[in-house]
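S.K.: model this:
(one chain, ligands or ions: 1)
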Amino acid sequence: MSGTPQVTSADLFQQMKEIEDPEEKKSFGESVNTLKQELAEQLPQESTEDQDKAAFNIAPPSLDQLQMEMGHISPVTATIFHLQELFENLGFSVATGPELEEEKYNFDALNIPDNHPARDVWDTIWVTTEEGQKNLLRTHTSPTQIRYMEQHKPPIRMIVPGKVYRYEATDATHETAFHQVEGLMIDTNTSIATFKGVMQEVFSRLFKQSVDIRLRPSYFPFTEPSFEIDIKFEGDWLEIAGAGMVHPNVLKAGGIEDEAIQGFAFGMGVERLVMLLTGLNDIRYIHSGDLRFAHQFGLKRTK
Ligand code: DAH
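M.R.: All right, here's what the predicted structure looks like:
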């Protein structure tokens, strides 16, 4: 600052306190007040209207500044939508079922009675209701097969996309909550050959190239025979779904008594498919909420 001495009104009032003679103090005080008033009059005045305006002085944004983040569907939903479309083209309907499920549908009706050792395969999150009923978060989408058969007569062609839950630790290939797409096709002449044909068609379209299919023997209580289905993609065999011919006990539990009815069912993990399609090596990124991950699967900005 320049050499001009800075005197504040507080300084002047302090000086006034130090004056002992009452008369002198009074006249000094009056002079300070007059000076304060004169100075105040010379300062530019702001009306309250001006002050209000200043407080809300937010210019309307121009379109240039509007670089809003756009939401977009996740790769899991995109894959589910794609699969739905591919199966619908082959005459399949899309069904849904409850995530909070009854033990009866998740296990018993699928030929997995209480104490069956296979129950251990599906680490279960049990939920006891206030009335004391033992329910669970469905461990797979398979219970919806039974619910669907209870409501629909064969021939049946349906898929069920949905969320499932497992009581297990997460790691690069396991999540406690993930998605499956279940499928069921039953009729009088539905065979393993039909199954292979359907899979060949769907996965060739999903992977945008003709893929080879391989069935490997496996075990599921709800199918007989059971198999794992592998597809050959870029030279490697990749396991993509569990499947099999629907067990007669399962058809019976769904209310289908006609012995001429047979068919196949399958269940596949959607996150696993996303990982195969994108080369992602850790499932935990998918539901992490990390925008750096999400932005790789959609439009980021309005411009
Ligand atoms: N529910 C099985 C699982 O979560 C997957 C599965 C296997 C579904 C075979 C099926 C099937 O419908 O036939 O591991």
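S.K.: distance between stretch 279-287 and the chain's centre?
M.R.: Distance of stretch 279-287 from its chain centroid, counting by Cα atoms, centre = their mean, to the nearest Å, is 13 Å.
S.K.: how about Pro155, what does it touch?
M.R.: Ile186, Asp187, Thr188, Thr190 (Cβ atoms under 8 Å, 6 or more residues apart in numbering). All C-beta spots, glycine's among them, are computed from the backbone N, C-alpha and C.
S.K.: same thing with Lys252?
M.R.: Neighbour list for Lys252: empty [criterion: Cβ under 8 Å, 6+ apart].
S.K.: Report the separation between it and the ligand.
M.R.: For Lys252, the distance to the ligand (Cβ to the nearest ligand atom, to the nearest Å) stands at 16 Å.
S.K.: for that residue, helix, strand, or coil?
M.R.: Of the three states, Lys252 takes helix under DSSP: H, G, I helix; E, B strand; the rest coil.
S.K.: likewise Val164?
M.R.: Assignment for Val164 (three-state DSSP): strand.
S.K.: Surely it touches Val181?
M.R.: No. With contacts counted by Cβ atoms under 8 Å, Val164 stays clear of Val181, the gap being 10.6 Å.
S.K.: any idea which element Val181 lies in?
M.R.: strand 177-187 (DSSP states H and E).
S.K.: Identify the contacts common to Val164 and Val181.
M.R.: In contact with both Val164 and Val181: Thr141, using Cβ under 8 Å, 6+ apart.
S.K.: picking up where we left off before, for the ligand, state which of the contacts of Pro155 is nearest.
M.R.: Ranked by distance to the ligand (Cβ to the nearest ligand atom), these are led by Ile186 at 11.8 Å.
S.K.: which of the contacts of Pro155 sit farthest apart?
M.R.: Largest separation among those by Cβ to Cβ: Ile186 and Thr188, giving 8.8 Å.
S.K.: the more surrounded of these two?
M.R.: Just comparing Ile186 and Thr188: by other Cβ atoms under 10 Å the higher neighbour count belongs to Ile186, 25 against 11.
S.K.: Phi, psi for the residue nearest to that one when sequence neighbours are not counted please.
M.R.: Distance criterion Cβ to Cβ, 6 or more residues apart in numbering; nearest residue to Ile186, sequence neighbours excluded, is Gly263 at 3.2 Å. Torsion angles at Gly263 (phi, psi; degrees, to the nearest 10) stand at phi 170, psi -170.
S.K.: cool, and Glu228?
M.R.: Torsion angles, degrees, to the nearest 10, at Glu228: phi -100, psi 140.
S.K.: Next: Leu291.
M.R.: Main-chain torsions, Leu291, degrees, to the nearest 10: phi -60, psi -30.
S.K.: Quickly note the distance from it to Ser74.
M.R.: Shown here: Leu291 relative to Ser74, a distance of 12 Å by Cβ to Cβ, to the nearest Å.
S.K.: higher neighbour count, these two?
M.R.: When neighbours are counted by other Cβ under 10 Å, Leu291 and Ser74 differ, and Ser74 comes out ahead with 17 against 10.
S.K.: Is the more buried one in contact with Ile286, as I believe?
M.R.: Yes. In this structure, Ser74 is within contact of Ile286 by Cβ under 8 Å, at 7.3 Å.
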